[in-house]
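> just coords:
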């Protein structure tokens, strides 16, 4: 029996001992930068004709690793390998699969600082953000292990019927594809893979090309310490246009678990819906896409708490979270005061290389994002917005100052489109009714919140704010596994609710089995 699930504690970096451990981990990982990493297909380490580099966003000339540029043929080989491994893995008892995750969690816990260090270098996460990412990865492993045991060990509730034995059980789907994002390269990557395999499926993991090193560490932990058999998890790097499309389109792919942008997610959704020659099933699409998340502040709110929540939600990890607070919707009566408090706090934030302890914000992920975010800021000004603070870039890496744009209209570009960067749009609402209208005036529906002391308004938010994750009187980022199952509505995805009690059901299918009991009668005996 496993002990009751508990969320992994976060590291206290006010403790000098933890600072020393993180500095030592950063040094260890720095010595490993620049290595060449293979594809992992079954028990084979495979090289491709070409490689590509993963670079440090804070120092774009620093290569984190060289990775194989897989081909369509590699993708087909990986799928065939996963498919061949499925029969034995699907019949492996749930307890054995769950214990593989528990062993993996233990191994990652022992190397928590090293996993964090990889994220500091590869995606420019601060120490605190990286540590939270690793803690969530451990949470997913421990939580899904227990969930799998419960799903398989607990008889599903069906009504008894005289003369029959009826059973409802959940069986795995088959071979699937996991396509994670770069912004939570530890937690989301590992979480989707672990949910799939603990349910009895086999997978091909195609990590984001800007964060393949961290994904490689996770796969090695699953195989080496977790003891998951070769072929159950396959690691395939390469371009989305060839490798990704091949994996999604293949008639051997039973499901696709994806987290990323709306544009890529809807493209996957469309391609997965097509029945390919030789395909005798409908593919399952598990999609978590973007957001245009907002925090509403009314005139009764604790304004200092509201300002803290806005800054933390908008600028943690450079605003590169699908849950990031990108809209501040503030009622007119307190708008200017809240804006002033936010600007004051933003000016105090530190921006730079997150290798240094205490840095709040690192660099955005790459040059494409760097240019895109600057374009959004220019567009905001052209459309009547005013830069209240920030907007500048810093030399050396892809650094953009945390930026607050005031005087934003509810239908402005930066109020409607996901920016995925450190930009907060300040929108003035006439009153609370107007704020509700503005809040719901988006195609997305991922996270959002309300800061208010009025019970009737908090209750209205519960009923009227159309988002998958609603937060009242706190920041709108930082969902905890098992505590706040995560996933959104509308163009934010299929509301998959990662870290929730029904998540594993998405990787299974229900099978109802009925056995009718027959009463045998003795043969008739002749009296003669």
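Received, thanks. Source: prediction; values computed, not measured. Numbering: from 1, shown residues only.

> List the residues that contact residue 302.
Residues near residue 302 by C-beta atoms under 8 Å, 6 or more residues apart in numbering: 451, 453, 473. Where you see a C-beta, it was placed from the backbone N, CA and C, and this is true even at glycine.

> cool, residue 209 as well?
52, 54, 67, 182, 237-240.

> who wins for neighbours among those?
residue 237 (28 neighbours; other C-beta atoms under 10 Å).

> Give the closest residue to it in space, chain neighbours not counted.
Excluding the flanking residues, the one nearest residue 237 by C-beta to C-beta, 6 or more residues apart in numbering is residue 67, at 4.4 Å.

> coming back round to it: which ones among the contacts of residue 209 are found in strands?
Using DSSP state E, 52, 54, 67 are the members of these that sit in strands.

> what's across from residue 428 in the sheet?
Beta bridges link residue 428 to residue 330 when assigned by DSSP bridges.

> So for it, what's the pLDDT?
pLDDT recorded at residue 428 is 98.

> roughly how far out does stretch 258-273 sit from the chain middle?
Remark: stretch 258-273 is offset 15 Å from the chain centroid, using C-alpha atoms, centre = their mean, to the nearest Å.

> buried residues in that stretch?
258-260, 262, 264-265, 267-269, 271-272 (16 or more other C-beta atoms under 10 Å).

> what does stretch 8-17 give?
So for stretch 8-17, counting by 16+ other C-beta under 10 Å, buried means 8, 11, 13.

> circling back: hey, what's the residue nearest to residue 237 bridged with?
Beta bridges link residue 67 to residue 37, residue 52, judged by DSSP bridges.

> Kindly indicate which of the ones in strands among the contacts of residue 209 lies nearest residue 377.
Residue 377 lies nearest to residue 54 out of the ones in strands among the contacts of residue 209, by C-beta to C-beta, at 26.9 Å.

> so how far is residue 304 from residue 507?
Plainly put, residue 507 is 43 Å away from residue 304 if you go by C-beta to C-beta, to the nearest Å.

> Name the SS class of the most centrally placed residue in the chain, please.
Central residue of the chain (C-alpha atoms, centre = their mean): residue 188, 3.6 Å from the mean position. Under DSSP: H, G, I helix; E, B strand; the rest coil, the three-state class of residue 188 is helix.

> That one touches residue 180, doesn't it?
Yes: the criterion here is C-beta atoms under 8 Å, and residue 188 meets it with residue 180 at 4.9 Å.

> Common neighbours of the two, please.
Listed as contacting both residue 188 and residue 180 by C-beta under 8 Å, 6+ apart are residue 259.

> quick check, nearest of the ones in strands among the contacts of residue 209 to residue 418?
Nearest to residue 418 among these, with distances taken as C-beta to C-beta, is residue 54, at 23.6 Å.

> which ones are touching the residue nearest to the closest one when sequence neighbours are not counted?
Leaving aside its sequence neighbours, residue 54 sits nearest to residue 64 (C-beta to C-beta, 6+ apart; 4.5 Å). Taking C-beta under 8 Å, 6+ apart, we find residue 64 in contact with 33-34, 53-56, 118, 121-122, 213.

> Tell me which helix or strand residue 64 sits in.
strand 59-68 (DSSP states H and E).

> where's that strand relative to the chain centroid, distance-wise?
Worked out by C-alpha atoms, centre = their mean, strand 59-68 lies 23 Å from the chain centre.

> Could you do stretch 208-222 as well?
On C-alpha atoms, centre = their mean, the centre of stretch 208-222 falls 14 Å from that of its chain.

> Can you give me the buried ones in stretch 118-129?
For stretch 118-129, burial by neighbour count (16+ other C-beta under 10 Å) applies to 118-129.

> Report the rounded mean pLDDT for that stretch.
So the average pLDDT for stretch 118-129 ends up being 98.

> Between the two ends of it, how far is it?
Terminal residues of stretch 118-129 lie 12 Å apart, using C-alpha to C-alpha, to the nearest Å.

> got it, and stretch 63-76?
The first residue of stretch 63-76 is 29 Å away from its last residue (C-alpha to C-alpha).

> Please apply the same query to stretch 64-80.
For stretch 64-80, the first-to-last residue distance is 30 Å (C-alpha to C-alpha).

> Helices along the stretch 101-250 of the chain, start to end?
Using DSSP state H, counting those that start in this stretch, the helices of the stretch 101-250 of the chain run over 112-123, 127-153, 187-198, 212-224, 245-249.

> I'd like to know which elements the shortest one is packed against.
Which is helix 245-249. In terms of contacts (3 or more C-beta pairs under 8 Å, 6 or more residues apart in numbering; DSSP states H and E), helix 245-249 is packed against helix 72-91, strand 175-179, helix 262-272.

> Not counting the first one itself, show me its contacts.
Judged by C-beta under 8 Å, 6+ apart, the contacts made with helix 72-91 from elsewhere in the structure are 39, 41-42, 46, 48, 68, 97, 171-172, 174-175, 177, 197, 200-204, 229-232, 234, 236, 238, 242-243, 246-247, 250, 252-253.
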